[in-house]
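Undergrad: sequence? don't have it. structure:
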């Protein structure tokens, strides 16, 4: 087993746990749909979490050529994907208990700050990881565009008290996510 296979295996396990949390949470929301008040903002954050999770997993495939892994090279992706797991777990509410109603607008208002903070931290860490692996400032800027925009959006979402701006940020993030996902899934083919 190569070092990459070992690290990618651990990344895949954590990614699978986060994916399971998202998928089982979505099924639970569907199961109790008659007691759920939907929120477009929360829906955007949840969809973005799913696409970010899968795109991030696929992006790690690009590291398959690394022959020698330092302790930092091993720990960084694990911290990275661990933070992404926490983001996915926080964005997904628990199923409502018997007779209880779940208002996803209220959930977003109460818990949004937590998952937005993790999204910001994840984006900043991505910018730093890309900087560490870049040969020049131009290379860093070219490769960190998604992470820089996501960090700025997350920061705006954390700072604003205006629903329209919070919604706009969620829409920008969920619009970027399919592009991020597609780009990295394409990398698996080569």
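TA: Arrived safely. Predicted model only: the values in this text are computed from it and were never measured.
Undergrad: Need the three-state assignment for residue 95.
TA: Three-state assignment for residue 95 (DSSP: H, G, I helix; E, B strand; the rest coil): coil.
Undergrad: Just confirm residue 66 contacts residue 5, I think it does.
TA: No. Residue 66 lies out of contact with residue 5 (Cβ atoms under 8 Å); the separation is 11.4 Å. (C-beta placed from N, C-alpha, C; glycine too.)
Undergrad: neighbour count winner among these two?
TA: residue 66 (14 against 10; other Cβ atoms under 10 Å).
Undergrad: To which secondary structure element type does the more buried one belong?
TA: Recorded secondary structure, residue 66: coil (three-state DSSP).
Undergrad: Which residues are in contact with it?
TA: Each residue near residue 66 by Cβ atoms under 8 Å, 6 or more residues apart in numbering is listed here: 3, 4, 73.
Undergrad: which residues in the chain form strands?
TA: Counting by DSSP state E, the chain has strands at residues 36-37, 102-103.
Undergrad: Adding distance to residue 12 and mean pLDDT, write the ones you listed out as TSV.
TA: Listed next are the strands of the chain as TSV, based on distance: least, Cβ to Cβ, whole Å; pLDDT from 0 to 100:
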stretch	distance to residue 12	mean pLDDT
strand 36-37	31	96
strand 102-103	31	96
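Undergrad: where does the chain dip in pLDDT?
TA: 190 (pLDDT under 70).
Undergrad: Distance-wise, check residue 42 relative to residue 5.
TA: 37 Å (Cβ to Cβ, to the nearest Å).
Undergrad: one step back: just the buried ones from the contacts of residue 66?
TA: 4, 73 (16 or more other Cβ atoms under 10 Å).
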